[in-house]
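S.K.: Model the structure of this input:
(one chain, ligands or ions: 2)
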Amino acid sequence: MNVLGIESSCDETAASVVDASGVRSDVIHTQAIHGEYGGVVPELAARAHTEKIVAVVRAALDRAGIERPDAVAATAGPGLIGAVLVGLSCAKALASAWEVPFVAVNHLEGHMLSPLLEEPPPPWPYLALVVSGGHTTLYLCEGLGQTRILAETVDDAAGEAFDKVARMMNLGYPGGPVIDRLAGQGNPEAVDFPRPRMKSGLDFSFSGLKTAVRQHLQRPNRASDADVAASFQRAVVDCLADRLVRAAALTGVQHAAIAGGVAANSELRARVQTLGLNVTLPPRSRCTDNASMIANAGRMRLLAGQRDTLDTRARPSWPVAE
Ligand code: KG4
Ligand code: ZN
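M.R.: Ligands and ions are numbered 1, 2, ... in the order given. Okay, here's the model as predicted:
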């Protein structure tokens, strides 16, 4: 069964076809318009999705060499409501016109299951660290729809911290890739930023770290931008790696995968391979938002018998597990 997946929850308009052999096509258009505002502007994102969605879907079908898929999957949340609605409405319209099944996909489940597209895929159960602009969550994935949240951020998401720190340093948006590059030229031990740990155990917190960076930047004798970037990135990666190791010890699960935009970070990618765990590392293009993860999760749900009706609503905050 081949499935067309559509993703439009934030600032990527994406479409992909996935079948039993894997990813047949993967088309992603990243909206450039938000750079000048320092963050994603919801209304502009929705309009830009409307302009691109048809061309992106057509390209995904063309590259996969098919005219009509066996089913259509789309992100129904969580995300920016106006943005989600564009991809979701498009998917429902196509499923209706083609008379093929439709399935609604949770964007976070998409990220969490995306490592299963790699060869070899991680076996169940595996730990999935989903680190993006809106979410920082450590899941225990025991099977499709069998997900336990082991840890979450109590304030900022990791990607949000990258974006806010980059903004403080006037480095542009999105901040993650710029800080990643700049950090490569700096000394990660130049500034001893805090590595917050919550009393609750595995949870994350990045707001104190962000404040520490702001305070440091106001000092007259502050470190260079590259040193600040490297020291900040080291602190984030230390926190993420620490929780992954603790979660493995706590659950006895030795397979882990990382996903979400921050999983594209060079230092995080290198570090997770030194933790003594079996780690699945999706390519960078499948860490940041993409539609192959939506087609994959949708396909898995369809194979498990799920179908959704065409009156399925967008859910801006849709918990993937309680
Ligand atoms: O998963 P994603 O594409 O969208 C959301 O669902 O949020 O993640 C976007 C986030 C942004 O905050 C961006 O700054 C961050 O991922 N990011 C990175 C890197 N590439 C993207 N953070 C650190 N290092 C990177 N190389
Ligand atoms: Zn995402």
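
S.K.: next one: phi and psi at the spatially most central residue of the chain?
M.R.: With distances taken as Cα atoms, centre = their mean, the residue of the chain nearest its centroid is G260 (2.4 Å). The phi and psi values for G260, taken as degrees, to the nearest 10, are phi 90, psi 160.

S.K.: From V17, how far off is it?
M.R.: 22 Å (Cβ to Cβ, to the nearest Å). Glycine gets a C-beta too; all of them are placed from N, C-alpha and C.

S.K.: for E67, same thing?
M.R.: 11 Å.

S.K.: Pick out whichever of those two has more residues nearby.
M.R.: A count of neighbours by other Cβ atoms under 10 Å puts V17 above the other of E67 and V17, at 27 against 8.

S.K.: How is the more buried one assigned, secondary-structure-wise?
M.R.: strand (DSSP: H, G, I helix; E, B strand; the rest coil).

S.K.: Could I get the contacting residues of it?
M.R.: Taking Cβ atoms under 8 Å, 6 or more residues apart in numbering, we find V17 in contact with 2-5, 23-25, 60-61, 63-64, 66, 69, 295.

S.K.: Leaving out chain neighbours, which residue sits closest to it?
M.R.: A64 (3.7 Å; Cβ to Cβ, 6 or more residues apart in numbering).

S.K.: before we move on, back to that, can you pull the residues that touch both of E67 and V17?
M.R.: Joint contacts of E67 and V17 (Cβ under 8 Å, 6+ apart) are L61.

S.K.: For the residue in the stretch 101-250 of the chain positioned nearest to ligand 2, what are phi and psi?
M.R.: Nearest to ligand 2, among the residues of the stretch 101-250 of the chain, is S132, at 4.3 Å (Cβ to the ion). Backbone geometry at S132, expressed as degrees, to the nearest 10, gives phi -140, psi -170.

S.K.: Could you report the distance from A32 to V228?
M.R.: For A32 relative to V228 (Cβ to Cβ), the value is 26 Å.

S.K.: The residue nearest to V17 and ligand 2, how far apart?
M.R.: 22 Å (Cβ to the ion, to the nearest Å).

S.K.: thinking that residue is in contact with R24, fair?
M.R.: Yes. Counting by Cβ atoms under 8 Å, A64 does reach R24; the two are 3.9 Å apart.

S.K.: Please enumerate the shared neighbours of those two.
M.R.: Listed as contacting both A64 and R24 by Cβ under 8 Å, 6+ apart are 2, 17.

S.K.: Who wins on neighbours among the contacts of V17?
M.R.: A295 (36 neighbours).

S.K.: contacting residues around it?
M.R.: Residues near A295 by Cβ under 8 Å, 6+ apart: 3-5, 16-18, 23, 73.

S.K.: Repeat the analysis, applying 7 Å as the threshold.
M.R.: Shown in contact with A295 (Cβ atoms under 7 Å, 6 or more residues apart in numbering): 3-5, 16-18, 73.

S.K.: That one belongs to a helix, doesn't it?
M.R.: Yes. Using three-state DSSP, the assignment for A295 is a helix.

S.K.: Quick check: closest non-adjacent residue to it.
M.R.: Using Cβ to Cβ, 6+ apart and skipping residues adjacent in sequence, the residue nearest A295 is G5, 2.7 Å away.

S.K.: For the one you found, which residues are in contact?
M.R.: 15-16, 18, 73, 291-292, 294-295, 298.

S.K.: Then T75?
M.R.: Per Cβ under 7 Å, 6+ apart, neighbours of T75: 7-9, 84, 87, 105, 107, 110, 294.

S.K.: For it, give the beta-bridge partners.
M.R.: With DSSP bridges as the criterion, T75 is bridged to V105.

S.K.: Read off the pLDDT value for it.
M.R.: On pLDDT, T75 comes in at 98.

S.K.: try S200
M.R.: On the pLDDT scale, S200 is placed at 67.

S.K.: on contacts alone, who are the packing partners of the helix or strand encompassing E51?
M.R.: Per DSSP states H and E: E51 is located in helix 42-64. If contacts are counted by 3 or more Cβ pairs under 7 Å, 6 or more residues apart in numbering; DSSP states H and E, helix 42-64 sits against strand 3-7, strand 12-19, strand 22-30, helix 81-98.
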